[in-house]
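1. Quick one, fold the following:
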Amino acid sequence: MKKLPLWLNILIGMLIGVFFGLIAVSLNWNEFTRIWIKPWGTIFLNLLKLIAVPLVFVSLVKGVSSLTDISKFSRIGIKTVLFYTITTLFAISIGLGLVNLVKPGNVFPEEKRIEYSEKYSNNVVAKQLNANKIKEESPLNFIVDIVPENIIEAASDNSNMLKIIFFALLFAVAIILLPESSTQSVSKFFDNLNDIILKIIDMIMKTAPFGVFALMAALVVDFSGETEVFIALGLYMITVITGLLFLLLIFYPFINTFIRDHGYKSFLKGMLPSQLVAFTTSSSAATLPVNLRQCINEFRVSKRIANFVLPVGVTINMDGTSLYQAVAAVFIAQVFNIDLTFGQQIIILLTALISSIGTPGIPGGSIVILIIVLNSVGLPVEGLALILGVDRPLDMLRTVVNVTGDVTVASLVAKTENELDVEEELILQ
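-> Presented below is the predicted three-dimensional model:
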């Protein structure tokens, strides 16, 4: 019998969890569910938290240190990173704007939001007090707080993720600046370590159907089967999808129409093969060969630019993923009745931006990175239980956005280098 794909198993786990939770509520199995079912969901969340620090450190070191071609193509490299950063910042801003406007988490029952707030808001309050203290000392102490004085101590607490990111970037830049002969063994070590960590993630994600079942069953019992849970979840999905479709159908086509005589329909038609592969695989890495072909054949970007910009995009450009992470973080804060300050939302923006470099271009990779975003402002990772079950369709759509953003930036770089609409031998279909 053909094995079911992971996303379908997770969806089945979620549905069974909801069904079991409703039965537990009707038969008064609430205590049984909390004692014997919920712990398995907690174990799954702990596994995700366990891998967060090593994943972001190794992925960032590998991702940044692999950009050694930037030294050879410094002008193109700087433009590529700059344009990717700008589009990602724009995507995150759109996500934050939408989630603050729609407020999907506010649909949750008020008494439950207050209960969750009392239970989980300690971390956020502590961070707010610390932030206020820093603000009183110096406006620049925000930067001081990012630089760790002890990397081992910083790595022992997931809420210090910006410090881990800083050290990873410092480590990767040092690798780039040293001769390749001196760092070859280190680079090879991180390549192998990255493969091991991705395999661990794969192993953890195989337990996801059971973890999601336990989390959803406990969630339904916690909320006693109240329909507001599913209404809020539906609003959350609509918010994410609205933001992703804005990027897909308005932002990217506008940029492409602006930089070339290329109609709206022509752009969408040219992107369709890449988008279909991205949607079905949820993997930017798996879509890269098709994206290269479309970028060169349909959008007439030179091979030199496409072969540099698109692989870099798979590593560091995650517009759709970053938008989703911003919406998810604020949604979870709203559910737990935690008011995020403007400064904390800026931290979410910066963390989502920087950690997007360490997001693996594989299905489900963004879930682990979301933990980093949540921890950056002290939000409870237990909130992942709310969104894991509906993540697959959103993952498919945000991968479509990611690969479309890659081609858009490649076209922008090619335009500035006068390498757009060039006459070159096409890549065979």
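
2. what about the closest residue to residue 268 other than its chain neighbours, neighbour count?
-> Nearest residue to residue 268, sequence neighbours excluded (Cβ to Cβ, 6 or more residues apart in numbering): residue 253, at 6.8 Å. From N, CA and C alone the C-beta is placed, and that goes for glycine too. By the criterion of other Cβ atoms under 10 Å, residue 253 has 21 neighbours.

3. got it, and residue 397?
-> For residue 397, using other Cβ under 10 Å, the count is 21.

4. Numbering from 13 from now on, please.
-> Yep, numbering from 13; the last one is residue 409 now.

5. Residue 332 is in contact with that one, correct?
-> Yes - using Cβ atoms under 8 Å, residue 409 is in contact with residue 332, at 7.0 Å.

6. can you list residues touching both of these two?
-> Listed as contacting both residue 409 and residue 332 by Cβ atoms under 8 Å, 6 or more residues apart in numbering are residue 256.

7. Residue 297 contacts residue 326, doesn't it?
-> Yes - between residue 297 and residue 326 there is a contact at 5.5 Å, judged by Cβ under 8 Å.

8. So which bits of whichever helix or strand residue 113 is part of are buried?
-> Taking DSSP states H and E as the criterion, the element that holds residue 113 is helix 86-114. By neighbour count on 16 or more other Cβ atoms under 10 Å, the buried set for helix 86-114 is 88-89, 91-93, 95-97, 99-108, 110-111, 114.

9. Low-confidence bits of the stretch 263-412 of the chain, can you list those?
-> 273-274, 292-293, 298, 327, 368-378, 401 (pLDDT under 70).

10. er, the stretch 63-212 of the chain actually
-> Flagging of the stretch 63-212 of the chain using pLDDT under 70 yields the residue ranges 75, 78-86, 121, 124-125, 127-155, 157, 170-174.

11. where exactly do the helices run in it?
-> With helices called from DSSP state H, counting those that start in this stretch, the stretch 63-212 of the chain shows them at 81-84, 86-114, 122-132, 134-149, 153-158, 163-167, 173-189, 192-218.

12. other SSEs contacting the longest one?
-> Counting contacts by 3 or more Cβ pairs under 8 Å, 6 or more residues apart in numbering; DSSP states H and E, helix 86-114 packs against helix 81-84, helix 240-258, helix 315-328, helix 331-347, helix 354-367, helix 403-428.

13. Just name the most buried of those helices.
-> Ranked by mean neighbour count, the helices and strands packed on helix 86-114 are led by helix 331-347 with a mean of 29 (mean count of other Cβ atoms under 10 Å).

14. Taking their axis directions, that helix and helix 240-258 sit at what angle?
-> Going by axes from the mean of the first three to the mean of the last three Cα atoms, to 10 degrees, helix 331-347 is angled at 150 degrees with respect to helix 240-258.

15. Can you tell me which helices and strands helix 331-347 packs against?
-> helix 86-114, helix 122-132, helix 240-258, helix 354-367, helix 377-388, helix 396-399, helix 403-428.

16. just to revisit the earlier point, could I get the helices and strands packed on helix 86-114 in a markdown table, plus columns for distance to residue 32?
-> Listed next are those as a markdown table, based on distance: least, Cβ to Cβ, whole Å:
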| stretch | distance to residue 32 |
| --- | --- |
| helix 81-84 | 52 |
| helix 240-258 | 15 |
| helix 315-328 | 39 |
| helix 331-347 | 21 |
| helix 354-367 | 33 |
| helix 403-428 | 20 |
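
17. which stretch among these comes nearest residue 168?
-> Among the helices and strands packed on helix 86-114, helix 354-367 comes nearest to residue 168, with 18.4 Å by Cβ to Cβ.

18. List the contacts of residue 346.
-> By Cβ under 8 Å, 6+ apart, the neighbours of residue 346 are 111, 115-118, 120, 125.

19. Tell me, how many residues neighbour the residue nearest to it when sequence neighbours are not counted?
-> Nearest residue to residue 346, sequence neighbours excluded (Cβ to Cβ, 6+ apart): residue 117, at 2.5 Å. A total of 24 residues lie near residue 117 under the criterion other Cβ under 10 Å.

20. wait, doesn't residue 117 sit right on residue 341?
-> No - in this structure, residue 117 is not within contact of residue 341 by Cβ under 8 Å, at 10.6 Å.

21. returning to that earlier point: three-state assignment of the residue nearest to residue 280?
-> Here residue 265 is helix, with the state taken from DSSP: H, G, I helix; E, B strand; the rest coil.

22. That one and residue 217: what is the separation?
-> Applying Cβ to Cβ, to the nearest Å, the value for residue 265 to residue 217 is 34 Å.

23. Then residue 306?
-> With distances taken as Cβ to Cβ, residue 306 is found 29 Å from residue 217.

24. now do residue 44
-> Separation of residue 44 from residue 217 (Cβ to Cβ) stands at 27 Å.

25. Likewise for residue 430?
-> Where residue 217 is concerned, residue 430 sits at a distance of 44 Å (Cβ to Cβ).

26. In terms of neighbours, single out the busier of those two.
-> Higher neighbour count among residue 430 and residue 217: residue 217, with 23 against 9, using other Cβ under 10 Å.

27. what's the helix or strand that contains residue 60 packed up against?
-> Take DSSP H and E as the rule and residue 60 turns out to sit in helix 50-77. Packing partners of helix 50-77 (3+ Cβ pairs under 8 Å, 6+ apart): helix 173-189, helix 192-218, helix 220-234, helix 377-388, helix 396-399.
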